[in-house]
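A.B. asks: Everything below, folded, please.
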Amino acid sequence: MTTSRPDGPDQLPGERGDLLDPRCPTRQLLDRIGTKWMSMVVKVLAREAPDELRFAELRRRIPGISQKMLSATLQSLVRDGLVARRVEPTVPPAVHYRLTELGLSLERPLSALRVWAETHIPEIDRNNQLADESPRN
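C.D. replies: Residues are numbered from 1 along each chain as shown. Predicted coordinates:
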């Protein structure tokens, strides 16, 4: 079982680790899934689940993402087992992506975070405006 603390002699199976430690596996995973592009790709694929989307269609549905960033994001998601990749042997090859069950399980917490952001963005915007208007100490 992977724990959220780097291996150590005093580590118990399933014990939570130190999220502040850069070597912590939980921290490393959160670094990967906490990006805006990762969240957007998961959201778009979740809307289509259990169907697949091709690379070009994903890119069309995520404004602002570059081909390079989408490719890197998908590679990371596939490597983590959150997305399945299927290649049709055509010329050029048709590459399809879909969320795995593990990937689908990530949509709910990411959705909750989006709802939190949408709920609190007016307050956060006000706080930023107040900070911008106040004299610097």
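
A.B. asks: only C-alpha atoms for contact and neighbour calcs from this point on.
C.D. replies: OK.

A.B. asks: What is the least confident helix or strand in the protein?
C.D. replies: When each helix and strand of the chain is scored by mean pLDDT, DSSP states H and E, helix 25-33 comes last, with a mean of 88.

A.B. asks: helix or strand right after that helix?
C.D. replies: helix 36-48 (DSSP states H and E).

A.B. asks: Please name every helix or strand in contact with that next one.
C.D. replies: Applying 3 or more Cα pairs under 8 Å, 6 or more residues apart in numbering; DSSP states H and E, one finds that helix 36-48 makes contact with helix 55-61, helix 67-79, strand 94-99, helix 101-133.

A.B. asks: Output the ones you listed as CSV; include the columns mean pLDDT and mean neighbour count.
C.D. replies: Listed next are these as CSV, based on pLDDT from 0 to 100; neighbours: other Cα atoms under 10 Å:
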stretch, mean pLDDT, mean neighbour count
helix 55-61, 96, 14
helix 67-79, 97, 16
strand 94-99, 96, 20
helix 101-133, 95, 13
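
A.B. asks: These: which one's closest to Asp18?
C.D. replies: Each of the helices and strands packed on helix 36-48 has some distance to Asp18 by Cα to Cα; the shortest is helix 101-133, at 21.1 Å.

A.B. asks: picking up where we left off before, Thr26 is nearest to which of the helices and strands packed on helix 36-48?
C.D. replies: helix 101-133 (14.3 Å).

A.B. asks: just how off-centre is that closest one within its chain?
C.D. replies: Counting by Cα atoms, centre = their mean, to the nearest Å, helix 101-133 is centred 14 Å from the centre of its parent chain.

A.B. asks: next one: stretch 43-60
C.D. replies: Centroid separation for stretch 43-60 versus its chain: 14 Å, with Cα atoms, centre = their mean.

A.B. asks: and if you look at stretch 67-77?
C.D. replies: 11 Å.

A.B. asks: Please apply the same query to stretch 97-115.
C.D. replies: 8 Å.

A.B. asks: Cool, thanks, talk later.
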